[in-house]
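Novice: Sequence and predicted structure are below.
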Amino acid sequence: MFTVTKTIDFCYGHRLLNYEGKCRHLHGHNGRLEVDIALPSLDNRGMVQDFSEIKQALKGWVDATLDHRMLLWKEDPMVPVLRERGEVLVTLDFNPTAENLAKMVFEYASGRGLPVREVRLWETPSSCASYRAEP
């Protein structure tokens, strides 16, 4: 199996509901996505996928959907408050944990026809969550 990895950096804010740690408060992260694309053989160029093609498929969406956005579960009581104040936010059908965000990126990339093997979201330089295709 051949694999290439594209890295995309972005900034986002969130908070977690049903959580007792400090991430229950609004806060931000300098996130790093690592998207692994895998195929059993190379194309006629000798590649799994050109890095610029991966970037073209994902970077614009990340910039428009995640970068410098407050990501909140639609049930978060802060949603109407932030909307009323004109804040840029994205409401999600799930708690915006790193695990759920990694799955969201995986599903978007797969839906764009990329043969995604795994997506890792680094919330900090030492903390990462991943979502991968079932073998």
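Specialist: Yep, it's here. Numbering: from 1, shown residues only.

Novice: now the residue located most distally from the centre of the chain, what's its secondary structure?
Specialist: In terms of distance from the mean C-alpha position of the chain, residue 44 ranks first, at 30.1 Å (Cα atoms, centre = their mean). Assigned state for residue 44: coil (three-state reduction, DSSP: H, G, I helix; E, B strand; the rest coil).

Novice: do the same with residue 107
Specialist: helix.

Novice: Near residue 127, how many other residues are there?
Specialist: Close neighbours of residue 127, defined as other Cβ atoms under 10 Å, add up to 10. Using the backbone N, CA and C atoms, a C-beta is placed for each residue, glycine as well.

Novice: give the contact list for it.
Specialist: residue 98 (Cβ atoms under 8 Å, 6 or more residues apart in numbering).

Novice: now it, which residues is it bridged with?
Specialist: Taking DSSP bridges as the rule, residue 127 bridges to residue 124.

Novice: low-confidence ranges in this protein?
Specialist: 135 (pLDDT under 70).

Novice: which residues in the chain form helices?
Specialist: Assigned by DSSP state H, the chain shows helices spanning 51-65, 78-84, 98-111.

Novice: Reformat those as CSV; add mean neighbour count and distance to residue 11.
Specialist: Formatted as CSV, the helices of the chain follow (neighbours: other Cβ atoms under 10 Å; distance: least, Cβ to Cβ, whole Å):
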stretch, mean neighbour count, distance to residue 11
helix 51-65, 15, 11
helix 78-84, 12, 17
helix 98-111, 19, 13
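
Novice: Tell me which residues touch the residue farthest from the centre of the chain, please.
Specialist: No contacts exist for residue 44 under Cβ under 8 Å, 6+ apart.

Novice: Kindly reformat the helices of the chain as CSV containing distance to residue 33.
Specialist: Shown next, in CSV, are these (distance: least, Cβ to Cβ, whole Å):
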stretch, distance to residue 33
helix 51-65, 7
helix 78-84, 24
helix 98-111, 6
